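> Need a 3D model of the sequence below.
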Amino acid sequence: MSLQKANLYELDQSFANEKPDGRKVEVQFNPETLKVTFANQIVQPQGGDQAAGNAGRQFVGAGTTKLALQLWFDVTAMEKDAVDDVRRLTADVVYFMTPQPSDQDPKKLAPPGVRFHWGSFLFDGMVEGMEETLEFFSEDGKPLRSSITMTLSQQKILSAEFKGDGKVPNQPGQAPLKSAKQGDSLQSMAGKNGKGDWQGIAAANGIEDPLRMAPGQLVDLNLSAGASIGGGFGVGVDAGIGVSGGVGVGLSADIGFGGTASSTASVGINASLGGSADGSISFG
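Below you'll find the model as predicted:
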């Protein structure tokens with residue numbers, strides 16, 4: 001299963017469709033949380049018995065839905081096409097705050113519509129506010145890391161839409177996955193969950209760099225590579241008794257774990273008590 005990345009898309013001014021030549025931004029790190037707020041416009045009408053507390057409230061306008069999230073950008077974590085200043089990355093996000101000429105009236109300006117899409121979560125609205133925090137500066141004073149807190153709003157109550165009944169079929173052996181957080185390493189994740197063999201977990205999950213986990217990356221901490229069992233067991237007994245005769249007993253066993261098991265046993269009896277008797281019994 002590949003990690004699904006969140007994206008920001010520029011919408012046309014109808015707020016219904018993505019703009020064909022509009023801006024598209026794939027976030028570098030998925031947000032840890034999404035906060036959705038619903039609100040209605042309600043006022044207290046004048047008149048009525050305020051002391052008795054029976055004055056009714058009135059709904060005077062459409063409700064609003066807001067989405068608040070935080071995005072992280074770090075040029076030191078870029079695997080290709082690295083840049084020297086994190087603001088070269090965040091400029092594409094700040095673009096959604098920049099007013100654009102209206103299609104109906106070019107003299108009027110308004111921020112573009114934006115769609116936040118992450119997996120099954122989709123939110124259409126406008127950027128109401130944005131705050132960028134720059135940190136981790138290079139020797140020549142260029143910021144290398146940035147966090148952007150932004151709020152999107154839509155002038156209606158948005159409801160989530162789902163396809164199908166959403167039931168997950170039961171699968172034998174299915175194990176829950178752990179999600180990595182910002183700054184997590186596989187060793188720290190394994191330690192928090194009482195797992196010691198983090199090297200084996202990394203190999204079983206196909207993780208190439210266990211010291212730098214991408215936020216949101218899913219890991220099965222119950223997997224471990226290279227588990228095997230092997231062993232051997234042997235018993236030998238040899239006894240001899242001589243009273244006008246002889247008795248001999250021999251026993252050998254070989255037990256193996258790891259897909260094979262074998263055992264052999266042999267008993268030999270030879271005795272003479274005023275006569276003779278000999279016999280042999282073997283088990284294999």
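> For stretch 138-150, buried residues please.
Taking 16 or more other Cβ atoms under 10 Å as the basis for neighbour counts, the residues of stretch 138-150 that come out buried are 142-148, 150. C-betas here are computed from N, CA, C, even on glycine.
> Would you reformat those as a markdown table and include distance to residue 105 and pLDDT?
What follows is the buried residues of stretch 138-150, written out as a markdown table (distance: Cβ to Cβ, whole Å; pLDDT from 0 to 100):
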| residue | distance to residue 105 | pLDDT |
| --- | --- | --- |
| 142 | 40 | 94 |
| 143 | 38 | 95 |
| 144 | 42 | 95 |
| 145 | 40 | 95 |
| 146 | 35 | 95 |
| 147 | 36 | 95 |
| 148 | 30 | 95 |
| 150 | 27 | 95 |
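> out of these, who's nearest residue 185?
Using Cβ to Cβ, the shortest approach to residue 185 within these belongs to residue 145, at 17.7 Å.
> name the element that closest one belongs to?
Residue 145 belongs to strand 143-154 when elements are defined using DSSP states H and E.
> Would you mind listing the outside residues contacting that strand?
When contacts are taken as Cβ atoms under 8 Å, 6 or more residues apart in numbering, the neighbours of strand 143-154 outside the stretch itself are 15, 64-76, 85-87, 89-90, 93, 114, 116, 123-138.
> Which secondary structure state does the closest residue to residue 204 other than its chain neighbours sit in?
What sits nearest to residue 204 in space, not counting adjacent residues and going by Cβ to Cβ, 6 or more residues apart in numbering, is residue 223, at 3.7 Å. Taking DSSP: H, G, I helix; E, B strand; the rest coil as the rule, one finds residue 223 in the coil state.
> What score does residue 223 have for pLDDT?
Each residue has a pLDDT score; the one for residue 223 is 80.
> Need the phi and psi values for it.
Phi and psi for residue 223, reported as degrees, to the nearest 10, are phi -90, psi 150.
> Angles on the backbone of the nearest residue to residue 102 once chain neighbours are set aside, please.
Leaving out its chain neighbours, the residue that sits closest to residue 102 by Cβ to Cβ, 6+ apart is residue 108, at 4.4 Å. The phi and psi values for residue 108, taken as degrees, to the nearest 10, are phi -100, psi 140.
> Residue 182 now?
Backbone phi and psi, for residue 182 under degrees, to the nearest 10, turn out to be phi -60, psi 130.
> same check, this time on residue 12
Per-residue torsions, residue 12: phi -70, psi 170 (degrees, to the nearest 10).
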